[in-house]
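Asker: Coordinates for the following, if possible.
(one chain, ligands or ions: 1)
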Amino acid sequence: ERQEVRPYNRQRLLVVANRLPVSAVRRGEDSWSLEISAGGLVSALLGVKEFEARWIGWAGVNVPDEVGQKALSKALAEKRCIPVFLDEEIVHQYYNGYCNNILWPLFHYLGLPQEDRLATTRSFQSQFAAYKKANQMFADVVNEHYEEGDVVWCHDYHLMFLPKCLKEYNSKMKVGWFLHTPFPSSEIHRTLPSRSELLRSVLAADLVGFHTYDYARHFVSACTRILGLEGTPEGVEDQGRLTRVAAFPIGIDSERFIRALEVPEVIQHMKELKERFAGRKVMLGVDRLDMIKGIPQKILAFEKFLEENASWRDKVVLLQIAVPTRTDVPEYQKLTSQVHEIVGRINGRFGTLTAVPIHHLDRSLDFHALCALYAVTDVALVTSLRDGMNLVSYEFVACQEAKKGVLILSEFAGAAQSLGAGAILVNPWNITEVAASIGQALNMPPEEREKRHRHNFHHVKTHTAQEWAETFVSELNDTVIEAQLRISK
Ligand code: ADQ
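Answerer: Numbers count the residues shown, from 1 in each chain. A predicted model of the protein is given here:
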């Protein structure tokens, strides 16, 4: 019904995220090549097709010269992308510093950096200043391209300051903000020195969205406890102005995965994989190499399983595909060596001259290779210590119509709330429990696998990325109209 009233496909949507969905590589003074970048946000928004969407964000490269900036803007315009140019110092302080070293770990319950408290506080302040400056630069570009009637949708923890900057430019702009990570308990958020300023800036938006009801509730309690505002079932109220707060669980473009399984190249890949691992059950992990994904914990649980189940040692293989990200941040470098060391030790311990139990790849796979891998997998292991949603679990389920494999899923991933009934839920910190659930998954009778898969497949097929975006934008339109009605009364 709503769709008839609102012509979604004609409304312009400005999607603002730290990164554009493409990465640029310089080929000459004024020539660029563009590649799609990996990650959950990009995967989800590529599934959103019904809007007249423009993307605004950083292209992932430093372009100090005007010739290069002009040429890149032109190349990006063909992909409906508009670049925000950030210099190296800002990227270092804002992106590597405040976003990835402070907000990301904090929102995933890993706490604030604490090696040297005084030094941390000093750099914290300059990083927060750079964060605000970068957000202002995004706001300038949005403001330059904004036309009346556009909807502006800001994404993620990189841009918490943006709603405020945008409303200062134009209080009539429809502004929504969505967080792709968890929003932590208010007791965690209150440790952040800039806690109040960030909450207030987000509250400038008309609609604030999270993946789960729990994250939305945590945000509202942070606003009530830290700012002393009033929380209502609708959102947060400040002097008669309501900021609507709600849950909008993301999904994937499931049909894209289902269709891919009929592509000859994917069928060929599947055949090769089946031959390569004939006689062994295939277990799979696909993650960005990040401490929140619990990769060491997952591998240690697999080791424990092999330790306790000698008869499985030559009958199962774990394929862990971990694409490196944020390679400039020292913690991520440490994690890479830690994972390599554990994998090496386990392969040395349980490997034979002809086979090893773990294949670990530090790289990204193309879409078709990934689909083939999902389809031949018997058991997928998603052991995030915290994860906003986790789309890998959705992608695996979408590719499992033939095989009906088992999903082992962390209870700390947002996806546990939607796929919990079909998956085996685990506490990833409990290595013994995860090891036991590997045994349970490998030995699960076909009827039970079928029943669990059916539940999850239905969910993944009916809760798509497209539906997620439509619901958010439709609610944002309604929220603005309601607010105007309230004011005119
Ligand atoms: P991410 O932390 O990036 O996303 P996730 O949701 O699992 O996590 O998405 C990862 C995406 O990257 C998937 O589409 C996956 O296929 C792809 N990917 C990962 N590793 C890959 C590899 N080695 N090769 C190829 N592709 C790979 C953030 C939040 C999540 C939230 C999403 C969307 O952390 O919790 O679900 O945003 O909101």
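Asker: so what's residue 260 up against?
Answerer: 266, 367, 368, 371, 399 (CB atoms under 8 Å, 6 or more residues apart in numbering). The way it works is simple: take the backbone N, C-alpha and C, and place the C-beta from them, glycine included.
Asker: hmm, 7 Å instead?
Answerer: 266, 367, 368, 371 (CB atoms under 7 Å, 6 or more residues apart in numbering).
Asker: In those residues, which residue is surrounded by the most others?
Answerer: The most crowded member of the contacts of residue 260, judged by other CB atoms under 10 Å, is residue 371 (25 neighbours).
Asker: and residue 442, how many neighbours?
Answerer: 17.
Asker: Look up phi and psi at whichever residue of the stretch 151-300 of the chain sits closest to the ligand.
Answerer: Closest contact between the stretch 151-300 of the chain and the ligand, by CB to the nearest ligand atom, is at residue 180 (3.6 Å). Backbone torsions of residue 180, given as degrees, to the nearest 10, read phi -90, psi -10.
Asker: Could you do residue 421 as well?
Answerer: Torsion angles, degrees, to the nearest 10, at residue 421: phi -70, psi -30.
Asker: residues near it, how many?
Answerer: 13.
Asker: which residues sit in contact with it?
Answerer: residue 455.
Asker: I figured the residue of the stretch 151-300 of the chain closest to the ligand hits residue 388, correct?
Answerer: Yes: counting by CB atoms under 7 Å, residue 388 is a contact partner of residue 180 at 4.9 Å.
Asker: ok, those two, which is more surrounded?
Answerer: Taking other CB under 10 Å, residue 180 and residue 388 do not tie; residue 388 has more neighbours (27 against 23).
Asker: And the strands in the stretch 101-250 of the chain?
Answerer: 151-155, 174-178, 207-210, 230-232, 235-238, 241-247 (DSSP state E, counting those that start in this stretch).
Asker: Let's have those in CSV, adding mean neighbour count, distance to the ligand and mean pLDDT.
Answerer: Converted to CSV, the strands of the stretch 101-250 of the chain look like this (neighbours: other CB atoms under 10 Å; distance: least, CB to the nearest ligand atom, whole Å; pLDDT from 0 to 100):
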stretch, mean neighbour count, distance to the ligand, mean pLDDT
strand 151-155, 26, 9, 96
strand 174-178, 25, 8, 97
strand 207-210, 26, 10, 98
strand 230-232, 15, 24, 95
strand 235-238, 19, 21, 96
strand 241-247, 19, 13, 96
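Asker: so can I have JSON lines of those showing distance to residue 381?
Answerer: Converted to JSON lines, the strands of the stretch 101-250 of the chain look like this (distance: least, CB to CB, whole Å):
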{"stretch": "strand 151-155", "distance to residue 381": "28"}
{"stretch": "strand 174-178", "distance to residue 381": "28"}
{"stretch": "strand 207-210", "distance to residue 381": "26"}
{"stretch": "strand 230-232", "distance to residue 381": "37"}
{"stretch": "strand 235-238", "distance to residue 381": "37"}
{"stretch": "strand 241-247", "distance to residue 381": "26"}
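Asker: that older thread, just the pLDDT for the residue of the stretch 151-300 of the chain closest to the ligand.
Answerer: With respect to pLDDT, residue 180 scores 96.
Asker: okay, the helix or strand where residue 319 lies in CSV with CA atoms only?
Answerer: Using DSSP states H and E, residue 319 sits in strand 316-324. Extracted in CSV, the C-alpha atoms of strand 316-324 (Å, rounded to 0.1, in the frame of the first residue of the first chain):
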residue,chain,number,x,y,z
VAL,A,316,37.6,-32.9,8.1
VAL,A,317,39.2,-29.7,6.9
LEU,A,318,38.8,-26.1,8.0
LEU,A,319,39.1,-23.5,5.2
GLN,A,320,39.6,-20.1,6.8
ILE,A,321,39.4,-17.2,4.3
ALA,A,322,40.5,-14.0,6.1
VAL,A,323,40.7,-10.8,4.1
PRO,A,324,43.2,-8.4,5.7
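Asker: quick one: residue 475 and residue 326, what's the gap?
Answerer: According to CB to CB, to the nearest Å, residue 475 and residue 326 sit 32 Å apart.
Asker: Could you list the buried residues of stretch 277-295?
Answerer: 277, 281-295 (16 or more other CB atoms under 10 Å).
Asker: among those residues, which are within reach of the ligand?
Answerer: 286, 287, 288 (CB under 6 Å from any ligand atom).
Asker: Low-confidence regions, the stretch 351-489 of the chain specifically.
Answerer: 484, 487-489 (pLDDT under 70).
Asker: so where do the helices sit in it?
Answerer: Per DSSP state H, counting those that start in this stretch, the stretch 351-489 of the chain carries helices over the ranges 367-376, 391-398, 416-419, 431-442, 446-462, 465-488.
Asker: before we move on, the earlier item: between the buried residues of stretch 277-295, which is closest to residue 130?
Answerer: Nearest to residue 130 among these is residue 290, at 22.2 Å by CB to CB.
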